[in-house]
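Okay, here's the prediction I keep looking at, along with the sequence it came from:
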Amino acid sequence: MTAKELYHTILSKKSYLCVGLDTDIRRIPAHLRAEPDPVAAFNRQIIEATAEYAVAYKPNIAFYEAQGPRGWESLQRTLEYIPKNCFTIADAKRGDIGNTSGLYARTFFDPASSGLEFDSVTVAPYMGRDSVEPFLEFADKWVILLALTSNAGSSDFQQLPVSDEKLYEKVIRTSQTWAGADRMMYVVGATRADELAHIRTIIPDHFLLVPGVGAQGGSLAEVSRYGLNSQCGLLVNASRSILYASGNTDFALRAADEARTLQQEMASFL
Ligand SMILES: O=C(O)c1cc(=O)[nH]c(=O)n1[C@@H]1O[C@H](COP(=O)(O)O)[C@@H](O)[C@H]1O
């Protein structure tokens, strides 16, 4: 999906909501556990209930890998349920020597190899240019590079001064020579909204994936105030607050309520 197509979907749905499919088998409502594939059955209902309000879906790969081969099957089925006009993110946080990154890229971008095809994958930047480039060899696919993450530990390394700037700023500046705003996004945690205005001075045009509203307490209003650009430029993710809004048979209805509430707030900012 191109940036233009993504923006078109954002305008038509008046939303920049990404629903995070962090589907934990242990938190799936009891009535679904007898299904042949409980994770896929849960995801299907979540996707159907939220598709009106969401422009992107982000399965976090850990939740599927933890299930072994069954998890990969659930992931494959889940991808089939996501509407074609929605942007898909494999939240895998990969990156290795180039040879190995090439295989990670095939895992998420080459259906002939893995049976999976996402629009994008999250990538850790710390092994440098040659660890990221193999992902960029796939035409029309996106790299979403970790810049300033939402967790407390982001201050351990990402915020350390390097020369005259913070390490995460150096990551953003340097990686801009690897790909443009048409192929690269950056992760900035919603809990770091205070840095967003500054980040926008470095990358005014890029899309940012912003997780951390909902369960982690980030503010959608703050993120939107400092993060929106003329082409929206934001995908704001919520996972647990939508998926587990209810643990009962009404889980999909409650997920839709949560997604709608976020979407309506987003519509007021667009
Ligand atoms: O790359 C991510 O998506 C990510 C980066 C980050 O800085 N913080 C962060 O929470 N995430 C992911 O975003 C999701 C947040 O989930 P909730 O806190 O349940 O909304 C999880 O899948 C995290 O792995």
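It's in. Numbers count the residues shown, from 1 in each chain.

Pull the number of nearby residues for residue 91.
A count of nearby residues for residue 91, using other CB atoms under 10 Å, gives 25. Using the backbone N, CA and C atoms, a C-beta is placed for each residue, glycine as well.

From here on, call the first residue 599.
Got it, the first residue is 599 from now on, which makes the last one we talked about residue 689.

contacting residues for it?
Contact analysis of residue 689 by CB atoms under 8 Å, 6 or more residues apart in numbering lists 618, 656, 657, 658, 659, 719, 720.

Tell me what the second one is bridged to.
Counting by DSSP bridges, residue 656 forms beta bridges with residue 618.

quick one, phi/psi of the residue of the stretch 599-748 of the chain found nearest the ligand?
The stretch 599-748 of the chain approaches the ligand most closely through residue 747 (3.1 Å), counting by CB to the nearest ligand atom. For residue 747, the backbone dihedrals (degrees, to the nearest 10) come out as phi -80, psi 170.

circling back to that earlier point, can you lay out the contacts of residue 689 as TSV showing pLDDT and distance to the ligand?
Converted to TSV, the contacts of residue 689 look like this (pLDDT from 0 to 100; distance: CB to the nearest ligand atom, whole Å):
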residue	pLDDT	distance to the ligand
618	98	5
656	98	6
657	98	9
658	98	4
659	98	9
719	98	10
720	98	5
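
just the buried members of these?
Using 16 or more other CB atoms under 10 Å as the burial test, the contacts of residue 689 include 618, 656, 657, 658, 659, 719, 720 as buried.

related to what we said a few turns ago, mind telling me the two of the contacts of residue 689 farthest from one another?
Greatest spatial distance among those (CB to CB): 618 and 719, at 14.6 Å.

Now do the same contact list for residue 674.
713, 714.

Please repeat the previous calculation with a cut-off of 10 Å.
638, 662, 709, 712, 713, 714, 715 (CB atoms under 10 Å, 6 or more residues apart in numbering).

Check residue 729 too.
Contacts of residue 729 by CB under 10 Å, 6+ apart are 692, 693, 694, 695, 696, 698, 699, 702, 721, 722, 723.

Among these, which ones lie close to the ligand?
Among those, no residue sits close to the ligand (CB under 6 Å from any ligand atom).

Which of these fall in helices?
Of the contacts of residue 729, the ones assigned to helices by DSSP state H are 696, 698, 699, 702.

What does the pLDDT read for the third one?
What the model reports as pLDDT for residue 699 is 98.

Any idea how many residues pack against the closest residue to it other than its chain neighbours?
Spatial nearest neighbour of residue 699, excluding adjacent residues (CB to CB, 6 or more residues apart in numbering): residue 732 at 4.1 Å. The tally of other residues near residue 732 (other CB under 10 Å) stands at 24.

Equivalent analysis for residue 724, please.
For residue 724, using other CB under 10 Å, the count is 12.
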